[in-house]
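Undergrad: coords please:
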Amino acid sequence: MPDASPSARLLDWYDRHRRVLPWRAPPGVRQDPYRVWLSEVMLQQTTVVAVAGYFRAFTERWPTVHDLAATDLDAVLTAWAGLGYYARARNLHRCAQVVSRDLDGRFPEEEAALLALPGVGAYTAAAIAAIAFDRRATAVDGNIERVVSRLFALTDPLPGAKAKLKAHAATLVPDDRPGDHTQAMMDLGATVCTPRRPRCVLCPVVADCRARVAGIAEDLPAKAAKPVRPLRRGTAFWTLNPAGDVLLRRRPETGLLGGMMEVPSSDWRAEAPADALAWAPVRTDWRPLPGLVRHGFTHFELELTVVTGRAGPDWAAADGIWVSPDRLSDHAIPTVMRKVVRHALAHA
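TA: Here you go, the predicted structure:
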């Protein structure tokens, strides 16, 4: 008599409906830990659709962890630009160097050892252990949170319920094929147990879903109300030299957007700084451009006024570099500054 456990039904469904993803090995082929690690770091706070192109570009340029470790941080930051959460890119580079230099290019198989690597947290360690090494680890991403909360009808709101969700998720992980189970749970959440209008009729574990019985599937997972993000304001200085080149400067290595290149700007405050020109990179006549540049960070919203001015022919960029507008994409410019660039090019 076949095993009718939820995990067995889920794995049978996965064998027939698994997603084809650029970082996922074909059935029967061992997963490459480097590709698993890279994809999991990229997928944090980001979607599969957004990551796929970046992943292909990274692995074409740096096919092994040794290749990634040997490149310079600026190249990594430039290739990462647009994915956000740039501390991930800095930790990615550091981690590659540690694995390449200290571990001969081999990622550890155990969660505890993986956790010791730069930028590898509890979820990423569990995902790598399970998917790359078929260890019985419990990785819980957003898709798995949704599946587990509905299967067990867990109504405690997130993020407070994360520990309870992981404990319940751990009860589902089988001894056989735990890596495929993890990916199956992810696929189930992404394609069937979706946030709205879940396709329960297609679900291989619908018979075990307590939320469906209770009629509350679409209400789960419950989430605590998000606080309103405060608004900050500032001024960005679109500075041109006589040749038409644009001034960029590097942000401090620590802090928000650390190590990235930016259009020089004032401090970002709750009220638009009355002394914004104190941050101007040169003394010149600054002309405000129409409109605002808006960008949302995790903890605050930002509005930037953009002003434009020209530097004299003898002025040198002591703390920055001059870049031709058609070469701006060669530099590690974060999304908020890409918006400033587009705004300035459209209105200057």
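Undergrad: which stretches of the stretch 51-200 of the chain form strands?
TA: Assigned by DSSP state E, counting those that start in this stretch, the stretch 51-200 of the chain shows no strands.
Undergrad: how about the helices in it?
TA: Using DSSP state H, counting those that start in this stretch, the helices of the stretch 51-200 of the chain run over 65-70, 73-80, 87-102, 111-115, 122-133, 142-151, 162-170, 178-191.
Undergrad: Would you mark the buried spots in the second one?
TA: Spelled out, it's helix 73-80. Of all the residues in helix 73-80, those buried under the rule 16 or more other CB atoms under 10 Å are 73-74, 76-80. In short, each C-beta sits where N, CA and C put it, glycine included.
Undergrad: Flag the shaky bits of this protein, pLDDT-wise.
TA: Where the chain drops to pLDDT under 70, the residues are 1-3, 317-318.
Undergrad: Break it down into its structural domains.
TA: If you go by automatic domain parsing, the domain ranges for the chain are 6-139+170-189, 231-347.
Undergrad: Deepest-packed of those domains, please.
TA: domain 6-139+170-189 (a mean of 18; mean count of other CB atoms under 10 Å).
Undergrad: and which of the buried residues of helix 73-80 is nearest residue 94?
TA: residue 73 (8.8 Å; CB to CB).
Undergrad: wait, what's in contact with that closest one?
TA: Neighbouring residues of residue 73 by CB atoms under 8 Å, 6 or more residues apart in numbering: 90, 93, 259.
Undergrad: now do 6 Å
TA: residue 93 (CB atoms under 6 Å, 6 or more residues apart in numbering).
Undergrad: now the strands: where do they sit in the stretch 201-348 of the chain?
TA: Using DSSP E, counting those that start in this stretch, strands in the stretch 201-348 of the chain cover 231-240, 246-250, 261-262, 287-288, 293-296, 301-310, 321-323.
Undergrad: Work out the sheet partners of the fifth one and label each with its direction, please.
TA: Strands that pair with strand 293-296, judged by DSSP bridges, come out as strand 301-310 (antiparallel).
Undergrad: Could you do the fourth one as well?
TA: Applying DSSP bridges, strand 287-288 is found paired with strand 301-310 (antiparallel).
Undergrad: Report the inter-axis angle for the partner strand versus strand 231-240.
TA: Relative orientation of strand 301-310 versus strand 231-240 (axes from the mean of the first three to the mean of the last three CA atoms, to 10 degrees): 20 degrees.
Undergrad: tilt between strand 301-310 and strand 246-250?
TA: If you take the same axes, to 10 degrees, strand 301-310 sits at 130 degrees to strand 246-250.
Undergrad: now strand 301-310, how far from the chain's geometric center?
TA: Mean-position distance between strand 301-310 and its chain equals 26 Å (CA atoms, centre = their mean, to the nearest Å).
Undergrad: Need the residues that contact that strand.
TA: By CB under 6 Å, 6+ apart, strand 301-310 touches 229, 231-236, 238-240, 284, 286-289, 292-295, 340, 343-344, 348.
Undergrad: same question, stretch 104-122
TA: Applying CB under 6 Å, 6+ apart, the contact partners of stretch 104-122 are 33, 65-66, 91, 94-95, 99, 125-126, 128-129, 133, 137.
Undergrad: Name the nearest of the residues you listed relative to residue 145.
TA: Of all these, residue 126 has the smallest distance to residue 145: 13.4 Å, by CB to CB.
Undergrad: residues contacting the spatially closest residue to residue 174 that is not a sequence neighbour?
TA: Of all residues not flanking residue 174 in the chain, residue 7 sits nearest, at 4.2 Å (CB to CB, 6 or more residues apart in numbering). By CB under 6 Å, 6+ apart, the residues touching residue 7 are 172, 174, 181.
Undergrad: Now distance to residue 23 too, for these, in JSON lines please.
TA: Shown next, in JSON lines, are those (distance: CB to CB, whole Å):
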{"residue": "172", "distance to residue 23": "23"}
{"residue": "174", "distance to residue 23": "23"}
{"residue": "181", "distance to residue 23": "18"}
